[in-house]
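Student: mind folding the following:
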Amino acid sequence: MKTFKTDGLDILSWCIFPEDGALAQAKNIAKLPFAHKHIALMPDTHQGFGMPIGGVLAAEGTIIPNAVGVDIGCGVIATRTTLKDIERADLKLILGAIRKDIPLGFNHRKTPLEIEDVPKGAKIVAQEHKSARKQVGTLGGGNHFIEFQKGSDGYIWFMVHSGSRNLGKKVCDHYNALAKETMNSGKGFIVPKAWDLAYLNTDSKGGQDYIVEMEYCLRFAKLNREIMSNVIAEILEDVTGGKPAESFNVHHNYARREHHYGKDVWVHRKGATSAKAGEMGIIPGSQGTKSYMVKGKGNPLSFESCSHGAGRIMGRKQAEKTLNLEREIEKLDAQGILHAIRGVRDLDEAAGAYKDIDIVMEEQKDLVDIFVELTPLGVIKG
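Tutor: Prediction:
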């Protein structure tokens, strides 16, 4: 861990060489008068919107929609199966069936599914409830994925990375706009517009409303992953007879009220995972690299947090322009991975666009212990 001194709070970075953009954003956050103790950056940190991805902020009496992000509740569910091995031909059948049964990218379900009723006063969730019923159980695009893996424990695992779909974006956009409007009314600390860190007081109506809708999105995102996991489990059993043995479902975009350094605070984890002592966590690698099941060490310096993945080293467009398509495909083919790289547009999710997961794991040895290493076998990208 490396300490960066600022005009405000210290920044404790488990990324030894954070990119300039992420560090600049962390320095902005360190100047917020309601930020508590210090700012933490995980080893996968990189620049985001307002808050760096892989950033952890503990805030007193305030909540920042952009420090949670647009994909509220984005996270991963990892399932250990009863299988010890899987034939490549069977895996191809399974991946093909998944593509038919789980809508990918911008696709939604034709038939809506039942989801939780709208909480009282949750107007954005209410507006989106009908469309959300067709989005639940769908993967989405970007870096969302479904992956089969062989665990160091000897079992076959599968993993789903997805979030709250358009529901979370609508909630974030609405309350970020409300936060800007409220902040600019002249009451309280004025955050410079360029920082994109407008906040709501948690005891205000706007703050309370955001918390209710954010927490709904968290439950929706968790259900979204569970539904897809159940579909995958059914396909797996039909093809191989294998069944799910145990699952772990974690968020990495959220804010939660916790107690740290003597105060109750709202811990914002944007692209970061809770890592309390003994708590199970999931750290996926990039396409073509290992993922990890981990147990938290409860390190108070990180606000009991760890990374949410490998973290990007280049933007999507930069990856498409910079990476060599043939070389990226060769790397995956050489490992025998059934992968999702077909053309230049797929390079935004190639392994070369991400940090070295081995370095990321080395940099957070004081945050988590590795429980199971997961080697990729086949992957579907949104």
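Student: low pLDDT regions in the chain?
Tutor: 186-187 (pLDDT under 70).
Student: where is the longest strand in it?
Tutor: strand 368-381 (DSSP state E).
Student: quick one: the helices in this protein?
Tutor: Secondary structure of the chain by DSSP state H: the helices cover 20-30, 88-101, 123-135, 165-183, 205-240, 316-322, 325-334, 357-363.
Student: buried residues in the fourth one?
Tutor: Within helix 165-183, the residues that qualify as buried by neighbour count (16 or more other C-beta atoms under 10 Å) are 165-172, 174-176, 178-180, 182-183. (Glycine included, C-beta is placed from N, CA and C.)
Student: can you tell me which of those lies nearest to S131?
Tutor: For the buried residues of helix 165-183, the closest approach to S131 (C-beta to C-beta) belongs to N166, at 7.0 Å.
Student: which residues does the closest one contact?
Tutor: With contact set as C-beta atoms under 8 Å, 6 or more residues apart in numbering, N166 has these partners: 128, 131-132, 135.
Student: put the buried members of those into a ChimeraX selection.
Tutor: The following ChimeraX line selects those of these that are buried, judged by 16+ other C-beta under 10 Å:
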select :128,132,135
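Student: as JSON lines, the contacts of N166 with distance to R342 would be great.
Tutor: Output for the contacts of N166, formatted as JSON lines (distance: C-beta to C-beta, whole Å):
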{"residue": "E128", "distance to R342": "32"}
{"residue": "S131", "distance to R342": "29"}
{"residue": "A132", "distance to R342": "30"}
{"residue": "Q135", "distance to R342": "25"}
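Student: which one of the contacts of N166 is nearest to E114?
Tutor: Checking these one by one against E114 (C-beta to C-beta), the nearest turns out to be A132, at 11.0 Å.
Student: thought that closest one was touching C217?
Tutor: No. Between A132 and C217 there is no contact under C-beta atoms under 8 Å: 9.4 Å.
Student: now the common contact residues for those two.
Tutor: 125, 167.
Student: please verify my assumption that G311 contacts V360.
Tutor: Yes. If you go by C-beta under 8 Å, G311 and V360 touch, sitting 6.5 Å apart.
Student: show me what F148 is bridged to.
Tutor: F148 forms beta bridges with F158, G378, as assigned by DSSP bridges.
Student: now do it against I16, distance only.
Tutor: For F148, the distance to I16 equals 32 Å [C-beta to C-beta, to the nearest Å].
Student: what about those two, which has more around it?
Tutor: The neighbour count for F148 versus I16, taken as other C-beta atoms under 10 Å, is higher for F148 (25 against 11).
Student: ok, E19 touching Q47?
Tutor: Yes. With contacts counted by C-beta under 8 Å, E19 reaches Q47, the gap being 6.3 Å.
Student: more neighbours, these two?
Tutor: The residue with more neighbours, out of E19 and Q47, is Q47; 21 against 16, by other C-beta under 10 Å.
Student: wait, that one sits on A26?
Tutor: No. Using C-beta under 8 Å, Q47 makes no contact with A26, being 9.9 Å away.
Student: identify the contacts common to those two.
Tutor: Counting by C-beta under 8 Å, 6+ apart, nothing touches both Q47 and A26.
Student: skipping its backbone neighbours, what lies nearest P192 in space?
Tutor: Distances taken as C-beta to C-beta, 6 or more residues apart in numbering place N28 nearest to P192, at 7.8 Å, with adjacent residues excluded.
Student: that neighbour: what's it in contact with?
Tutor: With C-beta under 8 Å, 6+ apart, N28 has these contacts: 192, 195, 197.
Student: not counting its neighbours along the chain, what's nearest the second one?
Tutor: Of all residues beyond its chain neighbours, the one nearest W195 is N28 (4.5 Å), with distances taken as C-beta to C-beta, 6+ apart.
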